[in-house]
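Enquirer: Show me the folded form of this:
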Amino acid sequence: MGLGLSGIYYVSSEGVYIAIFALIGFVQSICFPAFVGISGAWFSRKNRGVAVNGFCICQNMGNIVGAQLGAFLLRQFDKHWGWLFILCAAWFVVLVVLQIFFLKPEPAQMGIYIEDSDKPASMRPRDSNEEEHFNSAGTPLVA
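Expert: Here you go, the predicted model:
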């Protein structure tokens, strides 16, 4: 949003752009740890690599699609590039609001239980009729 407004109002101060890009970097630094936490809950250990790979592909696909979409929209906005940034910022605000209201950090909050066979026996939910056995160290054993 800040880049778009600076383009519309012809701001040429280097300090303004440094502050805007510092803020962008700060906000983006929060995204990856949040993604790792959420994907750790929503995907089994076996499928987490696929989720991270899909997340990493987004940057490359965004560059490809974004260049084409940006060129198209630049023609539509009659070469007023500031509006491109405002349009992107507005779109991201909509996506963030949807995530805030609809994304659940844990799949169990929606009644979905992820079977993770790689978890140690002490972390797996027990069947109600499963008999629990312990080794000499007191750790539960699963047959």
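
Enquirer: What strand or helix carries the closest residue to Arg48 other than its chain neighbours?
Expert: Once flanking residues are discounted, Arg48 sits nearest to Ser39: 6.0 Å by Cβ to Cβ, 6 or more residues apart in numbering. All C-beta atoms are positioned from the backbone trio N, CA, C, and that covers glycine. Assessed by DSSP states H and E, Ser39 sits inside helix 14-42.

Enquirer: any idea of the pLDDT on the residue nearest to Arg48?
Expert: With respect to pLDDT, Ser39 has a value of 80.

Enquirer: cool, and the one 4 residues further on?
Expert: The pLDDT attached to Phe43 in the predicted structure is 84.

Enquirer: is it true that it touches Val50?
Expert: Yes. At 7.4 Å, Phe43 and Val50 qualify as touching, with contact defined as Cβ atoms under 8 Å.

Enquirer: And the strands in this structure?
Expert: 133-134, 140-141 (DSSP state E).

Enquirer: which residue is nearest the centroid of this protein?
Expert: Phe35 (4.2 Å; Cα atoms, centre = their mean).

Enquirer: check contacts around that residue.
Expert: Counting by Cβ atoms under 8 Å, 6 or more residues apart in numbering, Phe35 touches Phe55.

Enquirer: 10 Å instead, please
Expert: 51-52, 55 (Cβ atoms under 10 Å, 6 or more residues apart in numbering).

Enquirer: That one and Val27, how far apart?
Expert: 13 Å (Cβ to Cβ, to the nearest Å).

Enquirer: And Gln68, by the same measure?
Expert: Counting by Cβ to Cβ, the gap from Gln68 to Val27 is 25 Å.

Enquirer: Next: Gly82.
Expert: 20 Å.

Enquirer: out of these two, which sits in the busier spot?
Expert: Gly82 (17 against 9; other Cβ atoms under 10 Å).

Enquirer: I'd like the distance between the more buried one and Val94.
Expert: 19 Å.

Enquirer: contacting residues for Val36?
Expert: Here Val36 is in contact with 48, 51-52, 55 (criterion: Cβ under 10 Å, 6+ apart).

Enquirer: okay, now Ile114: neighbour count?
Expert: By other Cβ under 10 Å, neighbour count at Ile114 equals 14.

Enquirer: Can you find the helix or strand in this protein with the smallest mean pLDDT?
Expert: strand 133-134 (a mean of 60; mean pLDDT, DSSP states H and E).
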